[in-house]
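Enquirer: coords please:
(one chain, ligands or ions: 2)
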Amino acid sequence: MPTFTAKQIANWLYKRRVSSIEEMTNISLLHRKQLNEHYYIGKKEYLYKQKSMDGAIKYLFSINNRHFIESVYIPEKARATLCVSSQIGCKMHCLFCTTGRQGFEGQLTTGDIINQIISIPESASLTNLVFMGMGEPLDNIEVLLKSLEILTANYGFAWSPKRITISTVGIIPELKRLLEETKVRLAISVHSPFHAERMSWIPIEKKYPIKKIIGLIQQYNFRFQRRVSFEYITFGRLNDDIKHASALFRLLKGIPCRVNLIKYHPQQDTVLPASDLKNMIAFRNYLNSKKIICTIRSSRGEDISAACGMLSTKKNKRNFLF
Ligand SMILES: C[S@@+](CC[C@H](N)C(=O)[O-])C[C@H]1O[C@@H](n2cnc3c(N)ncnc32)[C@H](O)[C@@H]1O
Ligand code: SF4
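Expert: Ligands and ions are numbered 1, 2, ... in the order given. Just a heads-up that it's a prediction; the model follows:
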C-alpha cells in the first residue's frame, strides 16, 4: 500500500475511532479487503460499570473472554482522570495491595490499554491519565512505551506527556528507559524510606532498593516541565511518625518533587493498620516545613472498591465467564 495509507489508517483509528475496517472509506476496497484478511480493530465495549457515591465510575473490561481488568474514571472540578490498568493482576505481590494478592494472569496488549481510554462514554472529556490501575506498568515496558507513543504522537491522540503519569514501584532498567524515551510524569511508590521495612511490604525492594531508584532519578532534571512525585501510604504506628517523615525528607533532599500521602485502603483480610488523619496531617506539616510540597490525597471510589490498590477481578470470573 502507498505510504500515505498509514496516515489514513492512523487517522481512522485514533482520531475518528472507528470500530471496523469497512468504515475507512477513503481507503480503496481492495486495500480494505487486504486489511480485513490480516487485522481486526480491537475496540471493545466495557462489560459492566459501577458508580461511586463520589462520582467515580469503575469499568470492567474482558480480555480474550477469559480475564478481566478494571479502569476508574475520576471526575473533578477542573479535570477528568482515567486510572488505567497495565497488566491482568500483578507479579509484584506488595503486601498491602489487592491486585498484588490476585497474582499475575497476563500482560495487556497496546490495544487493551488504548481500548480502556477510547471505550468509556466519558472518553472525549478526559484531561489526564494515570497508570495506577491494575499491574506494574514497567513490567510491561514495550507495550507501555508503544501506548505512550500512540497517546502523544501527532499521528495518534497528540496528548501532551504532561497529562500522563506512570506510577511504579521502580524497576530500575525499565525506569531508565521510561526516563530516556518519554517525557511523561512519574510517580514512585515509596511507602517507607527504610530498606528492610520497604522490602517487607514491597518484595522487589530487594532487587531494586529505593536508594538506587532515587540515585537514578537524581540524574534527570525535574526542575521544569517534567514532574516526579512520591506516593506514600500511611500505615498506623508503622510508618506515619516524624522519624519516617524526617528519613523521607533526607532521602528526597535536593529533588524538586511533591509527596502524596495516601490513605491505606484495607483489604478484606487486612494485615496492616490504617493511619489516623491526625498523624497524616503531622507528617504532611513536617514535610511542608522542610519545603517539600506534601498533600493528603483524597480517596475516590472507595465504596465500590475502586480506590488505589483495591482493584481485583478475581470475583468476576464467577460472574462473567461465558
Ligand atoms: C495499584 S498501584 C499501580 C501502579 C504501580 N504498580 C505502583 O505500585 O505504583 C497504584 C498505587 O496504589 C497504591 N496502593 C496499593 N495498594 C493500596 C492500598 N491498599 N491502599 C492505598 N494505596 C494502595 C500503590 O502503592 C501505588 O502507589
Ligand atoms: S502496588 Fe503496584 S506493584 Fe504492588 S502489587 Fe499492587 S499493582 Fe503491583
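
Enquirer: The one residue in the stretch 51-200 of the chain that gets nearest to ligand 2 in helix, strand or coil?
Expert: The nearest approach of the stretch 51-200 of the chain to ligand 2 comes at residue 100, 2.7 Å away (C-beta to the nearest ligand atom). For every residue, glycine as well, the C-beta is placed using N, CA and C. Taking DSSP: H, G, I helix; E, B strand; the rest coil as the rule, one finds residue 100 in the helix state.

Enquirer: Can you point out the helix or strand that includes residue 278?
Expert: helix 277-289 (DSSP states H and E).

Enquirer: same for that helix, what does it pack against?
Expert: strand 228-234, helix 242-252, strand 258-263, strand 293-297 (3 or more C-beta pairs under 8 Å, 6 or more residues apart in numbering; DSSP states H and E).

Enquirer: and the gap between the nearest residue to residue 241 once chain neighbours are set aside and residue 250?
Expert: Closest residue to residue 241 apart from its sequence neighbours, by C-beta to C-beta, 6 or more residues apart in numbering: residue 279 at 7.2 Å. Between residue 279 and residue 250 the computed distance is 20 Å (C-beta to C-beta, to the nearest Å).

Enquirer: between these two, who's got more neighbours?
Expert: Taking other C-beta atoms under 10 Å, residue 279 and residue 250 do not tie; residue 279 has more neighbours (19 against 9).

Enquirer: Excluding covalently adjacent residues, which one is nearest to the residue in the chain positioned nearest to ligand 1?
Expert: Using C-beta to the nearest ligand atom, the single residue of the chain nearest to ligand 1 is residue 309, 1.9 Å away. Closest residue to residue 309 apart from its sequence neighbours, by C-beta to C-beta, 6+ apart: residue 97 at 4.4 Å.

Enquirer: and this structure, which of its residues are near ligand 2?
Expert: Taking C-beta under 6 Å from any ligand atom as the contact definition, the chain meets ligand 2 at 90, 92, 93, 94, 97, 99, 100, 135, 136, 169, 309.

Enquirer: any idea whether residue 41 is helix, strand or coil?
Expert: Using three-state DSSP, the structure places residue 41 in coil.

Enquirer: ok, it - contacts?
Expert: Contacts of residue 41 were listed using C-beta atoms under 8 Å, 6 or more residues apart in numbering, and they are 13, 18, 19, 20, 21.

Enquirer: Is the first one located within a strand, as I assumed?
Expert: No. Residue 13 is assigned helix when assessed by three-state DSSP, not a strand.

Enquirer: From residue 86, how far out is it?
Expert: Residue 13 is 20 Å from residue 86, by C-beta to C-beta.
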